[in-house]
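Asker: kindly generate the corresponding structure for this input.
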Amino acid sequence: MMLIVTMSSGTWAQDGNTTNGSGLHESFDGDVLPEGWQRYKGLLNQVMSGTESLTESASGWSIGTRNNVFDNHLYTNIYGIICNKWITTPNFEVPMDGELTFDLALTGYSEPQTPPNLSGVDDRFVVLLSTDDKQSWTILHEWNNAGSSSVFNEIPPSGTKVIIPMNAYAGKTVCIAFYVESTESNADNNLHIDNVIVGKTSGIHHIYHGTIHQKRYFTLDGRHVEQPAKPGVYVTNGRKVVVK
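Answerer: Here you go, the predicted model:
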């Protein structure tokens with residue numbers, strides 16, 4: 001099970017890319033990749049071991065409304081024996097008590113929206129971080145179909161909210177990479193990412209995996225409650241609410 005925590009409301013960096021210590025906020029509102037985002041190719045295991053370097057690519061990840069999962073967002077196709085696609089953010093400084101959050105979905109290739117093909121036993125999606133301008137990488141979290149705690153085939157086509165704590169990197173200048181891999185011509189799916197944000201944590205660290213539309217309540221110390229039983233401040237769907 002992966003770590004999903006509820007995000008509190010707050011003041012984020014302005015839309016676009018920031019490197020001034022206020023984190024990162026990208027909602028992919030335009031028709032092209034945002035400034036500073038770069039596409040690469042390179043097999044993850046070889047890049048991590050130093051036997052292969054990342055190669056810049058003019059393709060692999062696109063912006064659009066593909067499969068009608070989100071509005072304009074980042075997406076890529078996962079298929080074939082040579083699929084090792086990276087996309088990286090600009091460098092930015094991680095704020096104190098920071099966390100990375102983004103929306104994630106997996107669909108079939110065909111429009112408008114079809115369920116994902118589940119035959120891709122080789123498929124994987126990885127979130128990585130670099131503190132030395134892409135010279136080396138640390139895996140923050142991985143989804144695969146080969147024993148990972150987060151199963152690639154269980155990424156919902158309707159979308160899920162992912163939040164990964166980054167307080168260990170507070171004050172450091174980093175960049176984030178999203179990576180997809182396929183080594184067999186079996187499943188033909190699209191992976192979708194939207195609303196990539198690095199900002200201050202809500203302080204709630206509750207393990208939860210579900211769609212971004214599901215309404216759940218948490219106390220400010222991270223305890224899940226089915227419904228608020230007494231007055232107070234709760235967090236639901238990424239916002240603080242006051243129950244009287």
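
Asker: who are the packing partners of the top strand by length along the chain?
Answerer: In the chain, taking DSSP state E as the definition, the longest strand is strand 173-200. Using 3 or more CB pairs under 8 Å, 6 or more residues apart in numbering; DSSP states H and E as the contact test, the elements touching strand 173-200 are strand 24-26, strand 73-88, strand 92-93, strand 98-108, strand 124-130. Every C-beta, even on glycine, is put in place using the N, C-alpha and C of the backbone.

Asker: which strands border that strand, and is each parallel or antiparallel?
Answerer: strand 24-26 (antiparallel), strand 73-88 (antiparallel), strand 92-93 (antiparallel), strand 98-108 (antiparallel), strand 124-130 (antiparallel) (DSSP bridges).

Asker: can you redo those strands as JSON lines with mean neighbour count, mean pLDDT and distance to residue 61?
Answerer: Converted to JSON lines, those look like this (neighbours: other CB atoms under 10 Å; pLDDT from 0 to 100; distance: least, CB to CB, whole Å):
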{"stretch": "strand 24-26", "mean neighbour count": "23", "mean pLDDT": "94", "distance to residue 61": "13"}
{"stretch": "strand 73-88", "mean neighbour count": "20", "mean pLDDT": "97", "distance to residue 61": "4"}
{"stretch": "strand 92-93", "mean neighbour count": "22", "mean pLDDT": "96", "distance to residue 61": "19"}
{"stretch": "strand 98-108", "mean neighbour count": "23", "mean pLDDT": "95", "distance to residue 61": "14"}
{"stretch": "strand 124-130", "mean neighbour count": "20", "mean pLDDT": "98", "distance to residue 61": "12"}
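
Asker: residue 40 is nearest to which of those?
Answerer: strand 73-88 (4.0 Å; CB to CB).

Asker: quick revisit: reformat the strands paired with strand 173-200 as TSV; add distance to residue 189.
Answerer: Shown next, in TSV, are the strands paired with strand 173-200 (distance: least, CB to CB, whole Å):
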stretch	distance to residue 189
strand 24-26	23
strand 73-88	5
strand 92-93	30
strand 98-108	6
strand 124-130	10
